[in-house]
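1. Quick check, what structure comes out for this input:
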Amino acid sequence: MDAPILAGLRMDGAPEADSYLSKLPAVQFLCREKQLTFDAPVTFFVGENGTGKSTVLEAIAVAAGFNPEGGTRNFQFSTRDTHAGLHRLITLKRRRQVLEGYFLRAESFYNAASYLSELYEHEFRIGAPTPYGSRGLHEQSHGESFLALVEHRFVPGGLYLLDEPEAALSPARQLTLMACIDRLARAGSQFLIATHSPILMALPGSRVELFDETGIHPVHYTETEHYRLTRRFLEDPQRMLHYLLEEDND
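-> Numbers count the residues shown, from 1 in each chain. You can find the predicted model right below:
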């Protein structure tokens, strides 16, 4: 495999003291350590909600030239300016130029799909091939449109940033996505993925970065709470449900 496109990022400044960014553990960590390194073709950002995974991923995407709401570097649509501004405080360390890529955000994918439906309205209407397939993304289920995007638009050698791609996918479709990611990574692509999926983070050869209250740390995926909790539940669901529901009824 080729070396990852992005070698990492450097923190060049600090957010305002009264900014919500200053309260995120991941941002506090970056202000202390000044950098984050990417040394694998696929890096997963994992951790509890509120630790800064999506905020850091968004900052990398915007600093790399992607639309804050998702899409390629050529997407121009905007429905609401809500991105955090962390991208202004970082510098990306590039090994080579980003020529192809995509920023996929589960929360704003509907807006990206609408933009594409307008852009390729004629082609989708007559079933002609496009870089996104021959069917409109709104004419498919959420999960189908996610995979159609990956299968048709993601090409070897690109930089792909995915924010919770499992949100629309069944376990079987997550395995399909994993196979696509592995194939593209072997062909020179780089992936940075914020996820809660213990299925995706099991990808061989990937790196898992745990975001927690102390910062950002590399871990093996079996050391994550996602894996441990899922395993405990599947091994004895009745026991876990008993304690969980007992607590709720007390």
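
2. rounded to a whole number, what's the mean pLDDT of the longest helix along the chain?
-> Secondary structure of the chain read by DSSP state H shows that its longest helix is helix 171-186. The pLDDT scores in helix 171-186 average 95.

3. Next secondary structure after that helix?
-> strand 190-194 (DSSP states H and E).

4. partners of the very next helix or strand once past that following strand, with directions?
-> Downstream of strand 190-194, the next assigned helix or strand under DSSP H and E is strand 207-212. With DSSP bridges as the test, strand 207-212 is paired with strand 42-47 (parallel), strand 215-219 (antiparallel).

5. Look at the nearest residue to residue 180 once chain neighbours are set aside and report its pLDDT.
-> By the measure of CB to CB, 6 or more residues apart in numbering, the closest residue to residue 180 outside its immediate chain neighbours is residue 150, 5.2 Å from it. Bear in mind the C-beta positions are built from the backbone N, C-alpha and C, glycine included. With respect to pLDDT, residue 150 has a value of 87.

6. What is the helix or strand that contains residue 150 packed up against?
-> Using DSSP H and E, residue 150 sits within helix 142-153. Packing contacts for helix 142-153, counted by 3 or more CB pairs under 8 Å, 6 or more residues apart in numbering; DSSP states H and E, involve strand 101-105, helix 109-119, helix 171-186.

7. 7 Å - rerun?
-> helix 171-186 (3 or more CB pairs under 7 Å, 6 or more residues apart in numbering; DSSP states H and E).

8. Quick check: buried residues in the helix it packs on?
-> Neighbour-count burial for helix 171-186 flags 173-174, 177-178, 180-182, 184-185 (criterion: 16 or more other CB atoms under 10 Å).

9. now swap in stretch 204-216 and tell me
-> Buried residues in stretch 204-216 (16+ other CB under 10 Å): 206-212, 215-216.

10. Do I have it right that residue 4 meets residue 190?
-> Yes: Residue 4 is in contact with residue 190 according to CB atoms under 7 Å; the separation is 4.5 Å.

11. list residues touching both of these two?
-> Shared contacts of residue 4 and residue 190, defined by CB atoms under 7 Å, 6 or more residues apart in numbering, are found at residue 41.

12. count of residues packed around residue 98?
-> Neighbourhood size, residue 98 [other CB atoms under 10 Å]: 17.

13. so which strand or helix has it?
-> Counting by DSSP H and E, residue 98 is found in no helix or strand.

14. Excluding chain neighbours, what is closest to it?
-> Closest residue to residue 98 apart from its sequence neighbours, by CB to CB, 6+ apart: residue 159 at 4.9 Å.

15. if we can go back for a sec, pick the one among the buried residues of stretch 204-216 closest to residue 194.
-> Nearest to residue 194, judged by CB to CB, of the buried residues of stretch 204-216 is residue 211 at 8.7 Å.

16. Distance-wise, check residue 207 relative to residue 42.
-> Residue 207 sits at a distance of 7 Å from residue 42 (criterion: CB to CB, to the nearest Å).

17. Might you report the residue contacts of residue 147?
-> Taking CB under 7 Å, 6+ apart, one finds 173, 176-177 in contact with residue 147.

18. thinking again about what came up before, pick the most buried one from the strands paired with strand 207-212.
-> Greatest average neighbour count among those goes to strand 42-47 (a mean of 25), per mean count of other CB atoms under 10 Å.

19. Quick one: residues in contact with it.
-> Against strand 42-47 from outside (CB under 7 Å, 6+ apart): 53, 56-57, 181, 185, 191-195, 200-201, 203, 205-212, 224, 226.

20. tell me the secondary structure for residue 9?
-> Put simply, residue 9 is strand when judged by DSSP: H, G, I helix; E, B strand; the rest coil.

21. quick one on the thing from earlier: what is the longest helix of the chain packed up against?
-> Contacts defined by 3+ CB pairs under 7 Å, 6+ apart place helix 171-186 against helix 142-153.
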